[in-house]
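Enquirer: Just to be clear, the model below is a prediction. Sequence and coordinates:
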Amino acid sequence: MALVASIHVDLGWPLPDVTLEDVDGKPRALRDEMGEQGLLVAFTCNHCPYALAVWPRLIRHAATLRSMGINTVAINPNIHPDYPEDSVPAMKEKIAEWGIEFPYLADTTQQVARVFDAQCTPDLYLFDKDGRLFYHGRIDDYWKDEAKVTRQELLPAAEAMVRGEPAPQPQHPTIGCSIKWRDES
């Protein structure tokens, strides 16, 4: 699995007007998932070791964000025949197994990942209540072992956003497995 980093996306970039299906085939427009204070969009999957290490934190942080008026949506761009562990049925199993309480959507065409310029799993985008990108960075400073985290980054960014403060700088890219693009050889 190729290790890649997320790429720079300009802050203030508008939340794309896109719709994906949840694991039950129900259409979910990202704009409709917006919380009173914003929306966290997390590109992730079921098999990447980076995503697997971050999932417990993402699930826990989503509850904290929800209490701040920020909703969370996870998007799986790795719907690919070579990765059955990332299939929609496998996503449904992970929702139950991990207790995911926010929408986990399938990007079956990978077009939403392309619109976002998502590069890896995980790749996090925090939008403010006006649907403008406020934070695009890592969840904290140590992906591999939560016990070794010395600095939270996503939650302080969300707190600053809700308080109307400027976006934190610098915003460090996430690292993870490359998205498994279907058109790659």
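Expert: Thanks, I have the structure now. Numbers count the residues shown, from 1 in each chain.

Enquirer: how about the CA coordinates for stretch 111-120, as CSV?
Expert: Once non-C-alpha atoms are left out, stretch 111-120 reads as follows in CSV (Å, rounded to 0.1, in the frame of the first residue of the first chain):
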residue,chain,number,x,y,z
GLN,A,111,-16.1,11.1,-8.4
VAL,A,112,-16.6,12.7,-5.0
ALA,A,113,-13.1,11.8,-3.9
ARG,A,114,-11.9,13.5,-7.2
VAL,A,115,-14.0,16.6,-6.5
PHE,A,116,-12.4,16.9,-3.1
ASP,A,117,-8.9,16.1,-4.4
ALA,A,118,-8.8,13.4,-1.7
GLN,A,119,-5.6,11.5,-1.8
CYS,A,120,-5.5,9.0,1.0
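
Enquirer: Now it: average pLDDT?
Expert: Summarised as a single mean, pLDDT over stretch 111-120 is 95.

Enquirer: Equivalent analysis for stretch 166-175, please.
Expert: Regarding stretch 166-175, the rounded mean pLDDT is 93.

Enquirer: That stretch: how far from the chain's middle?
Expert: With CA atoms, centre = their mean, to the nearest Å as the basis, the distance from the averaged C-alpha position of stretch 166-175 to the chain average is 15 Å.

Enquirer: residues making contact with it?
Expert: Residues from elsewhere that reach stretch 166-175 (CB atoms under 8 Å, 6 or more residues apart in numbering): 3-8, 11, 50, 120, 122-124, 134-139, 141, 143, 153, 156-157, 160-161. Glycine gets a C-beta too; all of them are placed from N, C-alpha and C.

Enquirer: Listing request: residues of this structure with sub-threshold pLDDT.
Expert: Along the chain, the parts satisfying pLDDT under 70 run over 1-2, 184-185.

Enquirer: which helices and strands does the helix or strand encompassing residue 42 pack with?
Expert: Secondary-structure assignment from DSSP states H and E places residue 42 in strand 38-43. Under the contact criterion of 3 or more CB pairs under 8 Å, 6 or more residues apart in numbering; DSSP states H and E, strand 38-43 touches helix 49-67, strand 70-76, helix 111-116, strand 123-128, helix 154-163.

Enquirer: by how many degrees do it and strand 70-76 diverge?
Expert: Comparing the axes of strand 38-43 and strand 70-76 via axes from the mean of the first three to the mean of the last three CA atoms, to 10 degrees yields an angle of 20 degrees.

Enquirer: so how far is strand 38-43 off the chain centroid?
Expert: With CA atoms, centre = their mean as the basis, the mean position of strand 38-43 lies at 5 Å from the chain mean.

Enquirer: can I have that strand written out in PDB, keeping just the CAs?
Expert: Taking only C-alpha atoms (Å, rounded to 0.1, in the frame of the first residue of the first chain), the coordinates of strand 38-43 have been written out as PDB:
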ATOM      1  CA  GLY A  38     -20.400  22.700  10.500                       C
ATOM      2  CA  LEU A  39     -19.500  19.300   9.000                       C
ATOM      3  CA  LEU A  40     -16.500  17.000   9.100                       C
ATOM      4  CA  VAL A  41     -16.100  15.000   5.900                       C
ATOM      5  CA  ALA A  42     -13.700  12.100   6.400                       C
ATOM      6  CA  PHE A  43     -12.500  10.000   3.500                       C
END
